[in-house]
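Visitor: 3D, please:
(one chain, ligands or ions: 1)
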Amino acid sequence: MVNDNRITLAVTGASGWPYALSLLQTLVKQQQQVFLLISDAAREVVRLETGQALPTQQQDCQAYLRHYCQDNTGLIQLLNNHDWLSCVASGSGAPRRMVICPCSMGTLAAVACGLSNNLIERAADVAIKEHHSLIIVPREMPLSVLHLENMLKLARLGVVVMPASPAFYHQPQSIQDVVDFVVERILKHLGLQGTLTAWGV
Ligand SMILES: Cc1cc2nc3c(=O)[nH]c(=O)nc-3n(C[C@H](O)[C@H](O)[C@H](O)COP(=O)(O)O)c2cc1C
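Guide: Next up, the predicted model:
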């Protein structure tokens, strides 16, 4: 368990905003300080998955998410994707835990190659070089050889690759139950307590 309540959460343009939102809510509930990054493609996915666009202005979007997650103490800090001076871009300042959820195959490939073309990729690059805990939650089907090779490359570097693959043995009664199964698995790997499912995966 890491003695640091800071975490970087990057949301990219793979399908699965409900995973990100549930994870964000739970992290806030557990008093984690979240440095949040949302890619442009993720915003497009959110719009299609929820029928509602996230506010485009950074401050408005941050306020919206804080309100949604009942974050009354400002635990969520939404970062600009090109804020190279942000702590997540620096080896000495970055939180020691990062999750990319959901992770698109595009970001997966960029991270596997160390591109660092935006703040999400840079933060992941920092996490790998500093041997921090990095969890990625890819979602795509089917997976090509390229996707699999990129995942293998990252797994060999110590990145935890946790595809969004919900199980059904906890007899989910709702979509939220299915989502929570995946989120609970991520929480476990972050060293945090899961409270979302009775199964306690
Ligand atoms: C509605 C929608 C759903 C998408 N779902 C996926 C997906 O599940 N997995 C994936 O790898 N890419 C998916 N994409 C494509 C990515 O969004 C696209 O490759 C984008 O360039 C990723 O950029 P990012 O990694 O910077 O977020 C989806 C795109 C849209 C518009």
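
Visitor: low-confidence ranges in the protein?
Guide: 1-3, 195-201 (pLDDT under 70).

Visitor: and stretch 110-119, anywhere near the ligand?
Guide: No - Stretch 110-119 lies out of reach of the ligand by Cβ under 6 Å from any ligand atom, never closer than 6.9 Å. Just so you know, the C-beta spots here come from the backbone N, C-alpha and C atoms, and that holds for glycine as well.

Visitor: what comes into contact with that stretch?
Guide: Residues from elsewhere that reach stretch 110-119 (Cβ atoms under 8 Å, 6 or more residues apart in numbering): 37, 39, 79-84, 86, 88-89, 100, 121-122, 124-125, 128, 136, 149-151, 153-154, 159.

Visitor: same check on stretch 49-59?
Guide: Counting by Cβ under 8 Å, 6+ apart, residues outside stretch 49-59 touching it are 15, 17, 18, 38, 43, 46, 47, 61, 63, 64, 78, 80.

Visitor: tell me who's in contact with the closest residue to the ligand within the chain.
Guide: Nearest to the ligand in the chain, going by Cβ to the nearest ligand atom, is residue 13, at a distance of 2.6 Å. By Cβ under 8 Å, 6+ apart, the residues touching residue 13 are 39, 40, 41, 42, 44, 45, 104, 106, 107.
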